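# what shape does this take:
(chains A and B)
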2 protein chains.
Amino acid sequence: METMLLLLVLLTVTVQSSYMKQNLTSSFNILDIHLNVSSPQLIICGWLLLAAGAKIVFHLSKRLNTLVPDSASLIILGWIVGFILKLSNVDESYFVLDAYIFYFYLLVPIIFEAGFFIPNRAIIDNAGSIATFAVIGTLTNAALIGAFMYGFQCLGAFTMNFTINEIILFSSLISSVDPVAVIALFEKLDVNALLYVLIFGESLFNDGISVTLVYIFLKFHAMKTGCISSFDYIKAAIKFPINAFGGLIIGVFFGIIVSYVTKHSYKVKALNPVFIFVIPYMAFLTAEVFETSGILALVSCGMFMKQYISKNISVYPASAVKFFIKMLSHISESVIYMFLGMSAITYNHYWDTWFVILTIVSCLLFRVISTFALSFILNLFRINKISTINQVVMAYSGLRGSISFGICSSLPDTIPAKRMFMTACIAEIYFTIFIQGLTIRPLLKWLHVEGNATDNNTNKNIRRDSISNRSTMTISGTCLEEIKEAVDRQASSTKRWSKLKHRYLDPFLLRNDIVHDDSFNPNNNFHRNVMKNFFVCSRQGGIDMSVTDHDEGHSSGDLEKSKSSRKKDFSDGVKDFVRSNKIMPADDAISKQPKTGSVEALAKQEIDSILLKHLPTSQHHLSTDIIKCLMEKKILRNFDHECDIEDDFLLEMKKRSQHH
Amino acid sequence: METMLLLLVLLTVTVQSSYMKQNLTSSFNILDIHLNVSSPQLIICGWLLLAAGAKIVFHLSKRLNTLVPDSASLIILGWIVGFILKLSNVDESYFVLDAYIFYFYLLVPIIFEAGFFIPNRAIIDNAGSIATFAVIGTLTNAALIGAFMYGFQCLGAFTMNFTINEIILFSSLISSVDPVAVIALFEKLDVNALLYVLIFGESLFNDGISVTLVYIFLKFHAMKTGCISSFDYIKAAIKFPINAFGGLIIGVFFGIIVSYVTKHSYKVKALNPVFIFVIPYMAFLTAEVFETSGILALVSCGMFMKQYISKNISVYPASAVKFFIKMLSHISESVIYMFLGMSAITYNHYWDTWFVILTIVSCLLFRVISTFALSFILNLFRINKISTINQVVMAYSGLRGSISFGICSSLPDTIPAKRMFMTACIAEIYFTIFIQGLTIRPLLKWLHVEGNATDNNTNKNIRRDSISNRSTMTISGTCLEEIKEAVDRQASSTKRWSKLKHRYLDPFLLRNDIVHDDSFNPNNNFHRNVMKNFFVCSRQGGIDMSVTDHDEGHSSGDLEKSKSSRKKDFSDGVKDFVRSNKIMPADDAISKQPKTGSVEALAKQEIDSILLKHLPTSQHHLSTDIIKCLMEKKILRNFDHECDIEDDFLLEMKKRSQHH
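Just a heads-up that it's a prediction; the model follows:
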């Protein structure tokens, strides 16, 4: 069935492509084929369908899925499709990935998704380590690889010559770890959260650094060699942090705009999400206009806005938005890998064996050296040390991918060795994706890297980064543990930043009814979670059906575990609650329901009738006292404000670990 | 606040546009502005933000919203923006709506949304009437307006000459009622369902007819006048139905593909919806390639696929998809109206007073004549006659809009009178939107057209169309009425088509677990509805929180109404059920819950424990017997298979009527 689907899509694409060249007549015919009207759209649709179809087929066939990561399968598909298209002599412009299209359309959803779903707290808690790896790691890698290759060039090892400026262009683009590849790889692996956060954070931020480096050295390349003064080098050294921080600041600025706009427009549900998609894209474009890093702008915009928009817009649009960000990023990723495969066939390569081998060797070598050296330095400051095993995995999982490829193909043709660079870049990408990507699972097994599910302590690793020493991160687990953590968090919430945020930023960017009003509101994530958990407690789950579908993977396991303890908490709590507050069921509740006598039943009735009254009309508010009272009795769990999206990350981790 | 938002967006756009012409330097500067990289995307983003922001502002300011329809406000905004841009001497290419972009990008989401959310049954039940109005109505209008205008041309009334072929081009494009305008108008009005279905159906299908007519006469225009033989006219007469039906058939074909693909890929939730967006667009493009009507292809594809995809894909993606179809259509609509306003300022007009006046007069005149004549003929065959009042409203609500404008601006410049046509077309659009659009509410009040909410009988109007005489349509209402209707429906479900569909199409296009397996599955709409209602019965609402947010408008009212009757049904039913089936609570249920004694409580426990077990793991199945048993006892409501999306239409009608 799946192959049929695949063939169908393939057929459509080839038929369409071959039609392209046919000339059209303009006489009066009953049946006319009028292809030129819509050929670009048809081609794009064809590629989208092919990539989506292929990825779905790979996902559904379990044999393939466990052996090969999706990215590798898509590259192989790209080879096949490229081969077919090359044989059928289709015009190359239909299947060569343009660097502009790659950077301005395909990359954007992936980076935005990463920024939007990244666990803010974990990243901020490990900001020091991640920044060290991303900035210093990338810079040293670029410098060392460049020097290494230039040294061999001086020895006459290569068949093509390049200047030191040109090889630094190449070494900066090849030294950045690719978030797409890393995400695709770690989807299949069961690693602990600290490792995940460090590698994911590094891969996300080092692209910005890499792109900025390439920008600067391209400027030098464009200037005549004689004209470059030492003053220009100083300017470049100033420009580098400006580009990086500029991107971050532009992202935050647009993030503020999104939050502000969604705050005021949340009532118009059908148009509100337009801003969530369009404004971050504007942040990216604006950053590019000012020659700062668009990638970093996207990441910071996504990271900033998510904490506000998830509370500003209502539940239904919020889940639709999250779903679509995921969908767009998945489809982009698939298309990129397919084109990465095709480029191997269709690109006019220049093969230099030594250059390719030395690129691969130097990338791996300096990645290992820099990871170990930086980890050593970081461990001097960290309470929770990065273990040697984690260091090995970090060094080995430095996959290169589509961003390097995209930047490389956008290099100007005036660089004589560009074709050699491209070939080596593609070879390095394939090496990391196929060899490293396929051997990392055996390596992990051999090293016994502790997974997320088996070892509860690893969860806490993320929280003990002495460099930032911020408030702790919530990990969903059993009821009691969370309450303890909530207490911990409240104790440490006197920190300056959260106070500032709460006092100035939140009132400006959050919906008024959420900020000023602590009363009950089902559109508020916090209250939603409270309510969700209330229902879970009172009725032992099985209620919020649409949530079930979404959370499928975890809810059952979660429920089973803590059901009994919750049940006990609930019945004790409700009894206390009812006695101490002297709550009597409302009149209408009595008339509707037969008196079943027990105190618990009465409390249930009361709470039911309150919720029944207030739930469907989202404008009404439930009295805070009841919520507070329930929370004091530990019937309700207090969730962190940001947990709605951060949970996604942890749930995904959990889901993954349950798969294996 | 809202004006601030608006100004901000406006500012961004104008700043961006004015930057465009600035030249760039390539020396090494620390801060560089590099606008040419991303100017088209920035402009598009700017327009999207402006349109979305403006529409939100109009929505939020209640004074404006009740007085003027959104479409009119957006046109006025377009005037203002067009005026500002004209004054600031911005290059016209940045703010003139290209006919190609209009037709291939902006129109598509609107038509697709209309096709996707149109109530299939109501349309099919009134297919004869709608087809008559759409096909014969449009053809006679085009012919009569053309003849009328040509007659005045012979009398020398106009300052510009045109041939009969040219005026028929104009009359065909001006004679089609615009679905965008009609939808925008009826959003504010409280009309009965029959009227809504007839006008909406007509406006949707007559565009296909109109575009096809223009296609054919453009062919004649391109040929030399002497070369046209009578054989060519015969060919044109054959081509017309081929174009119309061809579009419909291509749409259904791609609808089958979507259904089939979603059937096999529903497990990969994150990529599945890609097909739902891309394949219908391919249907549109393919129809255009074969010179058949892309609009009709989109409509039929949307109508066909929705019945399958809503069941094939799971709840969470399905709601996200619905949400995004709505969002895309809203934003397109806003952009179109804004550009429609701007075109009045920016287009190089040719004003001929008599031509404009006679266009407006003839459009209104022949619309009235054809509506009354066709209604008279149709009433001879209909059991449920179209009342005179409905006829008046139908005639008066024949708004012209963006489709006419788009087709008109795509006319070749070789037509000498094109500028005069454009001016008259824009004038006619403004006349219908402003004069007719603003006076229709007083007219309705004056005529006392019965609304949807006040008169329950009008709901049934839709069902009594003798021409098709199909099975009845579900109207959500009180519990009992629905059960009666379900019985009615079952009695009439022996019809041939539904049998064929059930036997051949459903097994091919529906997920296997839905077709072959009648057991319980929460991903199935039918079972979802059953379950939803079960919960509503057993716990008196207040449960499915995410659904609440979605259905906001109606659920509260609905719940209040039927709560008491349901409650009674439930308690009686459960008692019977438990007694007759001798159900005893499972062991673990007893141990967990304190024995509260009553029969009802035991039954509740039993059902809770079953649902608790089976709900989170969507793969498990609840035994059919229990569902059947519950349904026999009328505890559960039997929903129609198609009701999930059709309900949306009716809920919208209800919501509207509650607003007023």
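
# distance of the nearest residue to A:Ile118 once chain neighbours are set aside from B:Phe355?
With sequence-adjacent residues excluded and distances taken as CB to CB, 6 or more residues apart in numbering or on different chains, A:Ile118 is closest to A:Met303, at 6.2 Å. Using the backbone N, CA and C atoms, a C-beta is placed for each residue, glycine as well. Going from A:Met303 to B:Phe355 by CB to CB, to the nearest Å gives 58 Å.

# still on that earlier bit, next, count neighbours for the residue nearest to A:Ile118.
Neighbourhood size, A:Met303 [other CB atoms under 10 Å in any protein chain shown]: 24.

# my read: it touches A:Ala114, true?
No. In this structure, A:Met303 is not within contact of A:Ala114 by CB atoms under 8 Å, at 9.6 Å.

# residue contacts, the residue nearest to A:Ile118?
Listed by CB atoms under 8 Å, 6 or more residues apart in numbering or on different chains, the contact set of A:Met303 reads A:Gly115, A:Phe116, A:Ile118, A:Asn120, A:Ile123, A:Gly251, A:Gly255.

# helices - which of those land there?
Mapping the contacts of A:Met303 onto helices (DSSP state H) picks out A:Gly115, A:Phe116, A:Asn120, A:Ile123, A:Gly251, A:Gly255.

# for those, which two are the farthest from each other?
A:Ile123 and A:Gly255 (14.7 Å; CB to CB).

# and those two? Which one has more around it.
Neighbours per residue (other CB under 10 Å) separate A:Ile123 from A:Gly255, with A:Gly255 holding more: 26 against 21.

# dump the residue contacts of the more buried one.
Counting by CB under 8 Å, 6+ apart, A:Gly255 has contacts A:Pro280, A:Ala283, A:Ser300, A:Cys301, A:Gly302, A:Met303, A:Phe304, A:Met305, A:Tyr308.

# can I get those in TSV with distance to B:Phe372, secondary structure and pLDDT?
Formatted as TSV, those follow (distance: CB to CB, whole Å; DSSP: H, G, I helix; E, B strand; the rest coil; pLDDT from 0 to 100):
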residue	distance to B:Phe372	secondary structure	pLDDT
A:Pro280	53	helix	94
A:Ala283	56	helix	93
A:Ser300	63	helix	93
A:Cys301	58	helix	94
A:Gly302	58	helix	93
A:Met303	62	helix	91
A:Phe304	60	helix	91
A:Met305	55	helix	89
A:Tyr308	56	helix	85
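
# neighbouring contacts of stretch A:215-233?
A:163, A:165-166, A:168-169, A:172, A:236, A:239-240, A:243, A:291, A:411-412, A:414-415, B:26-28.

# in that stretch, which residues are buried?
For stretch A:215-233, the neighbour count (16 or more other CB atoms under 10 Å in any protein chain shown) marks A:Tyr215, A:Ile216, A:Phe217, A:Leu218, A:Lys219, A:Phe220, A:His221, A:Met223, A:Asp232 as buried.

# so which helix or strand takes in the last one?
To tie it back to what came earlier, the one meant is A:Asp232. Using DSSP states H and E, A:Asp232 sits within helix A:230-265.

# now the helices for the stretch 351-500 of chain A?
Using DSSP state H, counting those that start in this stretch, the helices assigned to the stretch 351-500 of chain A run over residues A:353-381, A:388-396, A:402-409, A:418-430, A:437-447, A:457-461, A:479-492, A:496-500.

# and the third one, what other elements does it pack with?
Under the contact criterion of 3 or more CB pairs under 8 Å, 6 or more residues apart in numbering or on different chains; DSSP states H and E, helix A:402-409 touches helix A:99-101, helix A:107-117, helix A:164-174, helix A:179-186, helix A:193-222, helix A:315-346, helix A:418-430.

# could you dump those to CSV with mean pLDDT?
Formatted as CSV, the helices and strands packed on helix A:402-409 follow (pLDDT from 0 to 100):
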stretch, mean pLDDT
helix A:99-101, 81
helix A:107-117, 89
helix A:164-174, 92
helix A:179-186, 79
helix A:193-222, 86
helix A:315-346, 86
helix A:418-430, 93
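
# JSON lines for the ones you listed, including distance to B:Leu74?
What follows is the helices and strands packed on helix A:402-409, written out as JSON lines (distance: least, CB to CB, whole Å):
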{"stretch": "helix A:99-101", "distance to B:Leu74": "32"}
{"stretch": "helix A:107-117", "distance to B:Leu74": "28"}
{"stretch": "helix A:164-174", "distance to B:Leu74": "46"}
{"stretch": "helix A:179-186", "distance to B:Leu74": "39"}
{"stretch": "helix A:193-222", "distance to B:Leu74": "39"}
{"stretch": "helix A:315-346", "distance to B:Leu74": "22"}
{"stretch": "helix A:418-430", "distance to B:Leu74": "48"}
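
# check contacts around the nearest residue to A:Ser410 once chain neighbours are set aside.
In space, and not counting its chain neighbours, A:Ser410 is closest to A:Ala99: 3.5 Å by CB to CB, 6+ apart. By CB under 8 Å, 6+ apart, the contact list for A:Ala99 reads A:Gly406, A:Ile407, A:Ser409, A:Ser410.

# that older thread, just the buried ones from the contacts of stretch A:215-233?
Buried, going by 16+ other CB under 10 Å: A:163, A:165-166, A:168-169, A:172, A:236, A:239-240, A:243, A:291, A:411, A:415, B:28, out of the contacts of stretch A:215-233.

# of those residues, closest to B:Trp47?
Nearest to B:Trp47, judged by CB to CB, of the buried ones among the contacts of stretch A:215-233 is A:Glu291 at 24.7 Å.

# ok, that closest one to A:Val68 distance?
A:Glu291 is 39 Å from A:Val68, where distance means CB to CB.

# and what of A:Leu139?
A:Leu139 is 34 Å from A:Val68, by CB to CB.

# on that earlier part again, so can I have CSV of the ones in helices among the contacts of A:Met303 showing distance to A:Thr423?
Conversion of the ones in helices among the contacts of A:Met303 to CSV gives the following (distance: CB to CB, whole Å):
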residue, distance to A:Thr423
A:Gly115, 32
A:Phe116, 35
A:Asn120, 40
A:Ile123, 36
A:Gly251, 35
A:Gly255, 40
